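Trainee: no FASTA, just this:
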């Protein structure tokens, strides 16, 4: 059921859950007709993500330790290097978002994550980054009317 590399998914799920918990703190002050408050469902989902991530990390690390015992290898922290690089890319993305805007920040994030996971075809990286950004922008900006940060593009519109 679990694979050796599921720890990457687990860490990302934990990170997303933690960011969601941090992001909904301001919603606690909003009045709501829901007796549980406006943060109840997001809080449940965030803790669920953290729980799912913890299960994946634990199962993957146990599987990896079992495999290493069978082969005689020792566990190394260098296995966490891609996760650390992806987290750094995400932090840079968040910091650049207000200035560069979604249309420029998102392709850079996608391209950098693709480089971290080993993709080396420049054409494939550019196509994926641009098309994914365009599709997500269209869905959220026009389809769902979500106000995405446009950075310096706001002055042009």
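Mentor: Done, it's in. Everything quoted here is computed from the prediction, not taken from an experiment. Residues are numbered from 1 along each chain as shown.

Trainee: moving C-terminal of whichever strand or helix holds residue 125, what's the next helix or strand?
Mentor: Per DSSP states H and E: residue 125 is located in helix 122-137. The first helix or strand that comes after helix 122-137 along the chain, using DSSP H and E, is helix 153-156.

Trainee: Contacts made by that following helix with the rest, please.
Mentor: 101, 103 (Cβ atoms under 8 Å, 6 or more residues apart in numbering). (Each C-beta comes from the backbone N, C-alpha and C, glycine too.)

Trainee: Name the residues of that helix that are buried.
Mentor: For helix 153-156, a neighbour-count test (16 or more other Cβ atoms under 10 Å) marks nothing as buried.

Trainee: show me where pLDDT drops low in the protein?
Mentor: 1-5, 27-39, 68-77, 157 (pLDDT under 70).

Trainee: Helices of that one, residue ranges please.
Mentor: In the chain, the helices defined using DSSP state H lie at 6-23, 40-71, 81-100, 102-116, 122-137, 153-156.

Trainee: Could you dump the ones you listed into a markdown table and include distance to residue 143?
Mentor: As requested, the helices of the chain are exported to a markdown table (distance: least, Cβ to Cβ, whole Å):
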| stretch | distance to residue 143 |
| --- | --- |
| helix 6-23 | 22 |
| helix 40-71 | 21 |
| helix 81-100 | 20 |
| helix 102-116 | 14 |
| helix 122-137 | 10 |
| helix 153-156 | 19 |
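
Trainee: what angle separates the helix holding residue 125 from helix 102-116?
Mentor: 140 degrees (axes from the mean of the first three to the mean of the last three Cα atoms, to 10 degrees).

Trainee: Could you name the helices and strands sitting against helix 122-137?
Mentor: helix 102-116 (3 or more Cβ pairs under 8 Å, 6 or more residues apart in numbering; DSSP states H and E).

Trainee: What lies in contact with the helix it packs on?
Mentor: For helix 102-116, using Cβ under 8 Å, 6+ apart, the contacting residues are 82, 85-86, 89-90, 92-93, 96-97, 100, 124-126, 128-130, 132-133, 136-137, 148-151, 153.

Trainee: Now do it and helix 81-100, the angle between them.
Mentor: 170 degrees.

Trainee: May I see the buried residues of helix 102-116?
Mentor: Buried, per 16+ other Cβ under 10 Å, within helix 102-116: 102-114, 116.

Trainee: Stretch 8-19 now?
Mentor: So stretch 8-19, judged by 16+ other Cβ under 10 Å, has buried residues 8-17.
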